[in-house]
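*Asks:* Just the structure for this:
(one chain, ligands or ions: 3)
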Amino acid sequence: MTDLVRSWIETANDPESPFPLNNLPFGVFSAGDAPRCATAIGDKVLDLAALQKAGLLPDHGFDEPALNTFMGEGKQAWNEVREKLTDLLRDGAETDAVRDALHDMGNVTLHLPFTVIEYTDFYAGRQHAFNVGSLFRDPANALPPNWLHIPIGYNGRASTVVVSGTEFHRPMGQLKGPQDDQPRFGPSQRLDIELEMGAVVGMPTEMGQRISVDQADDMIFGYVLLNDWSARDIQAWEYQPLGPFQAKAFATTISPWVVTKAALEPFRCDTPPREKELLPHIKDTGPMLYDIDLSVTMTAPGAEPTEICRTNYNALYYSAAQQLAHHASSGCAMRTGDLLGSGTISGPEKGTFGSLLEMTWGGKNPITLEGGATRTFIEDGDTLALHGHAQGDGYRVGFGPCVGTVLPERADRS
Ligand SMILES: O=C(O)/C=C/C(=O)CC(=O)CC(=O)O
Ligand SMILES: [Ca+2]
Ligand SMILES: [Mg+2]
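*Replies:* Ligands and ions are numbered 1, 2, ... in the order given. Here you go, the predicted structure:
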């Protein structure tokens, strides 16, 4: 485990700060002007477009309103910028040029950090797959027969991936409960969250090109928190045989900062023991997961937040590198700005489940929130927030907020 790298920006040295010099995540901000690329340091946002203009950083398109140009340049460029920023921000290195490019985090707007080109969602949490299989199908055969061999996924929607803080309306859809003769069209009554992490693809592949797990790992630029909002009633009626469609297409929230693989390197850890030997194209090549503490809070209107789940990214069965290697294995081209959802992260016991569907066991066991309200699924005005950080020795690597508030359904159709 590495130690805290001290910065001349004092708030970055606070052991509770999500953004010490060890982190240096990438995002996009504006301060009443044009969005451009930034990093976070302590309670400040550092304008990378300004540093690029001043000649303190090479031109990686930091003046653009998305990180895609930089993300497509690959590992060497990513690491060079990280080293340069570390030199500029290190304790004792204070300069006017860098000080002038800082903004208070509280005074800026954070935007979607990159243009999401495509969004694929996986299903790599073993306990989640077991729980959902038990609830939707048959507890005796909860895990599908392919699950221990393939990182199962489906192609989701990039069009509705939004940055933390974006509100959205309750989704409408076709609903048919087990007791109903006919489906009807209406607002979802079983709106849920999914606690996931997103892997952000930096380097692309060509159509037909196959990659090893290690090559896939090198292509990943970094990670975000990801809430894959899910309408369980729409899902239950629509999902066979082609998988989720409208049930997960209406909104997906990500955190505003992409935490780089370099920052997470000290927190690498092993995948779990393999119950079936994996095929060569996705075999483990070393520690492939990360030790990242994750939690979820739920807040009813006017009340204080309640922590409803605490778990760890290391509860997954497949790593993002294995998912990416599998994704490209047929010859599918992967592109800069592809977003891969990990799948819902649920640990083995109660209190570690990453969706309300599991926490309330299909809506049968309500949970009680601060202020006394009870919930099975999400009600209008509720706010859900994912939190995540890797804990180092005297510092932490945080992801920033991943928050969304659900508004009532839209009355109109326009
Ligand atoms: O019916 C199923 O088994 C799948 C259920 C899901 O909710 C799929 C999904 O979003 C995968 C995940 O987040 O783990
Ligand atoms: Ca999901
Ligand atoms: Mg340019």
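
*Asks:* closest point of the chain to ligand 2, which residue?
*Replies:* Residue nearest to ligand 2 within the chain (CB to the ion): Asp228, separated by 3.6 Å. All C-beta spots, glycine's among them, are computed from the backbone N, C-alpha and C.

*Asks:* which bits of the stretch 151-300 of the chain sit near ligand 2?
*Replies:* Residues of the stretch 151-300 of the chain lying close to ligand 2 by CB under 5 Å from the ion are Glu194, Asp228.

*Asks:* Just want the phi and psi numbers for the residue located most distally from the centre of the chain.
*Replies:* In the chain, the residue that sits farthest from the middle, by CA atoms, centre = their mean, is Asp181; the gap is 38.4 Å. Dihedral pair for Asp181: phi -70, psi -40, per degrees, to the nearest 10.

*Asks:* Against Asn23, how distant is it?
*Replies:* Taking CB to CB, to the nearest Å as the criterion, Asp181 is separated from Asn23 by 55 Å.

*Asks:* before we move on, back to that, which residues sit in contact with the residue farthest from the centre of the chain?
*Replies:* By CB atoms under 8 Å, 6 or more residues apart in numbering, no residues touch Asp181.

*Asks:* Just the pLDDT at it, thanks.
*Replies:* If you check Asp181, the pLDDT there is 97.

*Asks:* try Gly363
*Replies:* 96.

*Asks:* Tell me the buried residues in the lengthiest helix in the chain?
*Replies:* Secondary structure of the chain per DSSP state H: the longest helix is helix 75-89. Neighbour counts over helix 75-89 (16 or more other CB atoms under 10 Å) mark Lys75, Ala77, Trp78, Val81, Arg82, Leu85, Leu88, Leu89 as buried.

*Asks:* and what of stretch 180-189?
*Replies:* In stretch 180-189, residues buried by neighbour count (16+ other CB under 10 Å) are Pro187, Ser188, Gln189.

*Asks:* Kindly check the end-to-end length of it for me.
*Replies:* Stretch 180-189 has an end-to-end distance of 15 Å (criterion: CA to CA, to the nearest Å).

*Asks:* With stretch 106-119 instead?
*Replies:* Using CA to CA, the end-to-end distance of stretch 106-119 comes to 30 Å.

*Asks:* mean confidence for that stretch?
*Replies:* pLDDT averaged over stretch 106-119 gives 98.

*Asks:* Show me which positions of that stretch end up buried.
*Replies:* Neighbour count says stretch 106-119 has Val108, Leu110, His111, Leu112, Pro113, Phe114, Thr115, Val116, Glu118, Tyr119 buried, by 16+ other CB under 10 Å.

*Asks:* Now name the helix or strand holding the last one.
*Replies:* Element membership for Tyr119, per DSSP states H and E: strand 118-122.

*Asks:* Show me what the helix or strand following that strand packs onto, helices and strands only.
*Replies:* Moving toward the C-terminus from strand 118-122, the next helix or strand (DSSP H and E) is helix 126-136. Here helix 126-136 touches helix 356-359, going by 3 or more CB pairs under 8 Å, 6 or more residues apart in numbering; DSSP states H and E.

*Asks:* what's the closest non-adjacent residue to the residue in the chain positioned nearest to ligand 1?
*Replies:* Nearest residue of the chain to ligand 1: Gly343, at 3.3 Å (CB to the nearest ligand atom). Computed as CB to CB, 6 or more residues apart in numbering, the closest residue to Gly343 that is not its neighbour in sequence is Ala124, at 4.0 Å.

*Asks:* would you list the buried residues of stretch 106-119 in TSV and tack on secondary structure and distance to ligand 1?
*Replies:* Formatted as TSV, the buried residues of stretch 106-119 follow (DSSP: H, G, I helix; E, B strand; the rest coil; distance: CB to the nearest ligand atom, whole Å):
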residue	secondary structure	distance to ligand 1
Val108	coil	31
Leu110	strand	25
His111	strand	25
Leu112	coil	21
Pro113	coil	21
Phe114	coil	21
Thr115	coil	23
Val116	coil	17
Glu118	strand	16
Tyr119	strand	12
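
*Asks:* And the nearest residue to His60 once chain neighbours are set aside, how close does it get to Asn79?
*Replies:* Nearest non-adjacent residue to His60, counting by CB to CB, 6+ apart: Phe70, 4.2 Å away. According to CB to CB, Phe70 and Asn79 sit 12 Å apart.

*Asks:* Same question for His128.
*Replies:* For His128, the distance to Asn79 - CB to CB - is 34 Å.

*Asks:* Between all of the buried residues of stretch 106-119, which two are separated the most?
*Replies:* Based on CB to CB, the longest span within the buried residues of stretch 106-119 runs between Val108 and Glu118 and measures 28.3 Å.

*Asks:* So in that sheet, which strands flank the helix or strand hosting Leu339, and in what orientation?
*Replies:* Taking DSSP H and E as the definition, Leu339 sits inside strand 338-341. Partners of strand 338-341 in the sheet, by DSSP bridges, are strand 118-122 (parallel), strand 195-201 (antiparallel).

*Asks:* Pick the most deeply packed of those strands.
*Replies:* Burial of the strands paired with strand 338-341 is given as mean neighbour count (mean count of other CB atoms under 10 Å); strand 195-201 ranks first at a mean of 28.

*Asks:* Extract the CA atoms of that one and return them as PDB.
*Replies:* Below are the C-alpha coordinates for strand 195-201, written out as PDB (Å, rounded to 0.1, in the frame of the first residue of the first chain):
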ATOM      1  CA  LEU A 195     -25.500  -0.500  -7.200                       C
ATOM      2  CA  GLU A 196     -22.800  -0.900  -9.900                       C
ATOM      3  CA  MET A 197     -19.400   0.400 -11.000                       C
ATOM      4  CA  GLY A 198     -18.900   1.400 -14.600                       C
ATOM      5  CA  ALA A 199     -15.600   0.700 -16.500                       C
ATOM      6  CA  VAL A 200     -14.800   3.400 -19.000                       C
ATOM      7  CA  VAL A 201     -13.100   2.200 -22.200                       C
END
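
*Asks:* pLDDT (mean, whole number) over the following helix or strand past that strand?
*Replies:* Sequence-wise, the next helix or strand downstream of strand 195-201 (DSSP H and E) is helix 213-219. Helix 213-219 comes out with an average pLDDT of 98.

*Asks:* what helices or strands is helix 213-219 leaning on?
*Replies:* Partner elements for helix 213-219 (3+ CB pairs under 8 Å, 6+ apart): helix 320-328.

*Asks:* Could you dump the strands paired with strand 338-341 into CSV and include distance to Met359?
*Replies:* Formatted as CSV, the strands paired with strand 338-341 follow (distance: least, CB to CB, whole Å):
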stretch, distance to Met359
strand 118-122, 20
strand 195-201, 11
